[in-house]
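A.B. asks: Sharing a model that was predicted from the sequence below.
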Amino acid sequence: MKVEDRCVGCAYCMLVCKFEAIEVLGRAEIDEEKCVKCLKCVIYCPVKAVKG
């Protein structure tokens, strides 16, 4: 999964991730080792910055 440049740092993706695979420090960063590709971050991203 990757995060596009349009990430606004709202942290919705981090809040919905049950696996604590996302950290937002200005922009979302996804830890590929923790990510199970459930796609909740993709669904909840209001600016569609997260791509599966």
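C.D. replies: Great, that's in hand.

A.B. asks: neighbours of Cys38, just the number please.
C.D. replies: 14 (other C-beta atoms under 10 Å). Just so you know, the C-beta spots here come from the backbone N, C-alpha and C atoms, and that holds for glycine as well.

A.B. asks: Repeat that for Met14.
C.D. replies: Neighbour count of Met14, defined by other C-beta under 10 Å: 18.

A.B. asks: so who does it touch?
C.D. replies: Listed by C-beta atoms under 8 Å, 6 or more residues apart in numbering, the contact partners of Met14 are Ile22, Glu23, Val24, Ala28.

A.B. asks: how near is Cys13 to Glu20?
C.D. replies: According to C-beta to C-beta, to the nearest Å, Cys13 and Glu20 sit 12 Å apart.

A.B. asks: how near is Ile43 to Tyr12?
C.D. replies: Ile43 is 10 Å from Tyr12, by C-beta to C-beta.

A.B. asks: go on, Arg27?
C.D. replies: For Arg27 relative to Tyr12 (C-beta to C-beta), the value is 13 Å.

A.B. asks: Strands of this protein, residue ranges please.
C.D. replies: For the chain, the strands defined by DSSP state E occupy 2-3, 22-24, 28-30, 50-51.

A.B. asks: Tell me which of Cys13 and Glu20 has more neighbours.
C.D. replies: Cys13 (25 against 10).

A.B. asks: Show the contacting residues for the more buried one.
C.D. replies: Ile22, Val24, Ala28, Lys40, Cys41, Tyr44, Cys45, Val50.

A.B. asks: coming back round to it: name the member of the contacts of Met14 that has the highest neighbour count.
C.D. replies: Ala28 leads the contacts of Met14 on contacts (other C-beta under 10 Å) with 25 neighbours.

A.B. asks: Lys2 is in contact with that residue, correct?
C.D. replies: No: counting by C-beta atoms under 8 Å, Ala28 stays clear of Lys2, with 9.8 Å between them.
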